[in-house]
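**Q** sequence? don't have it. structure:
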């Protein structure tokens, strides 16, 4: 059972435009969500997170939106840059359970064309 | 700089041999470490949760006798792939956190190729 889903395996965007990456989850106990960026043959690096008590969190060019009723979150990158080309994973955690486990989506490969 | 370091970053071994991968927290004491495996074009799959001084908790479907995890100190966890087979070839990633509320930091990953 895939509790965190990224239904778009890939996305191609022109430099300077907005990139929107989507993520859906099924477990209503998830209360903390994160986005990670991963380059080939490297470990993921943390990008941005959001707690379930918020619906938006912004950090520079990156904004994460959370719609709890729809169990949906999205990552907006604007303006997109060629260096943003990577695989993006969303992840969810039940922090109240104190396990620290993250459940990852399948990832979306973003390509930003110059 | 990196706060979680994995070694080796790449390893090639013969089928039937065992391979050990180390995960170290460099700037903090990691009470909990996690081991993930990434299959090609698929998500990171949590393999096991490693708590210092106790036995690892394995996720369903992960063979504990195949993937031995030891968290002997607050800065080091090891994953040993025993009697490796070609299907064990993968990218293995560890992560570490200090306490339950600390941020999760990932290692650089280790690519295992079993011939």
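**A** Looks like it arrived, so ask away. Predicted model, so just to flag it, every value in this text is computed and none were measured.
**Q** okay, CA-based contacts and neighbour counts for the rest of this
**A** Fine.
**Q** what about the strands in chain A?
**A** Assigned by DSSP state E, the strands in chain A fall at A:4-5, A:10-14, A:19-25, A:32-38, A:45-51, A:56-59, A:62-67, A:72-77, A:86-93, A:103-104, A:108-113.
**Q** Mean neighbour count, mean pLDDT and distance to chain B added to those strands, as CSV?
**A** Below are those laid out as CSV (neighbours: other C-alpha atoms under 10 Å in any protein chain shown; pLDDT from 0 to 100; distance: least, C-alpha to the nearest C-alpha, whole Å):
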stretch, mean neighbour count, mean pLDDT, distance to chain B
strand A:4-5, 22, 94, 10
strand A:10-14, 15, 97, 11
strand A:19-25, 22, 97, 13
strand A:32-38, 21, 90, 10
strand A:45-51, 19, 87, 7
strand A:56-59, 14, 94, 17
strand A:62-67, 19, 97, 18
strand A:72-77, 20, 98, 17
strand A:86-93, 25, 92, 8
strand A:103-104, 25, 86, 6
strand A:108-113, 21, 96, 9
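**Q** need those strands in TSV with distance to residue B:97, can you?
**A** What follows is the strands of chain A, written out as TSV (distance: least, C-alpha to C-alpha, whole Å):
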stretch	distance to residue B:97
strand A:4-5	22
strand A:10-14	30
strand A:19-25	24
strand A:32-38	15
strand A:45-51	13
strand A:56-59	22
strand A:62-67	23
strand A:72-77	24
strand A:86-93	14
strand A:103-104	16
strand A:108-113	25
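**Q** and residue B:91, what element?
**A** Assessed by DSSP states H and E, residue B:91 sits inside strand B:90-97.
**Q** Given that strand, what are its sheet partners and their directions?
**A** Paired with strand B:90-97 in the same sheet, following DSSP bridges, are strand B:32-38 (antiparallel), strand B:105-106 (antiparallel), strand B:110-114 (antiparallel).
**Q** and the first one, what's its mean pLDDT?
**A** When you say that, I think you mean strand B:32-38. In this model, strand B:32-38 has a mean pLDDT of 89.
**Q** ok, now the shortest one?
**A** The average of the pLDDT scores along strand B:105-106 is 83.
**Q** can you pull out the strands in chain B?
**A** Assigned by DSSP E, chain B shows strands spanning B:4-7, B:10-13, B:19-25, B:32-38, B:44-51, B:57-58, B:67-73, B:76-81, B:90-97, B:105-106, B:110-114.
**Q** Kindly reformat those as a markdown table containing distance to residue A:93 and mean neighbour count.
**A** Shown next, in a markdown table, are these (distance: least, C-alpha to C-alpha, whole Å; neighbours: other C-alpha atoms under 10 Å in any protein chain shown):
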| stretch | distance to residue A:93 | mean neighbour count |
| --- | --- | --- |
| strand B:4-7 | 20 | 22 |
| strand B:10-13 | 29 | 14 |
| strand B:19-25 | 21 | 22 |
| strand B:32-38 | 13 | 24 |
| strand B:44-51 | 12 | 23 |
| strand B:57-58 | 17 | 16 |
| strand B:67-73 | 22 | 20 |
| strand B:76-81 | 22 | 22 |
| strand B:90-97 | 14 | 25 |
| strand B:105-106 | 15 | 25 |
| strand B:110-114 | 24 | 21 |
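**Q** Quick one: these as CSV, columns for distance to residue A:12 too.
**A** Formatted as CSV, the strands of chain B follow (distance: least, C-alpha to C-alpha, whole Å):
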stretch, distance to residue A:12
strand B:4-7, 31
strand B:10-13, 30
strand B:19-25, 34
strand B:32-38, 23
strand B:44-51, 22
strand B:57-58, 37
strand B:67-73, 37
strand B:76-81, 37
strand B:90-97, 25
strand B:105-106, 27
strand B:110-114, 27
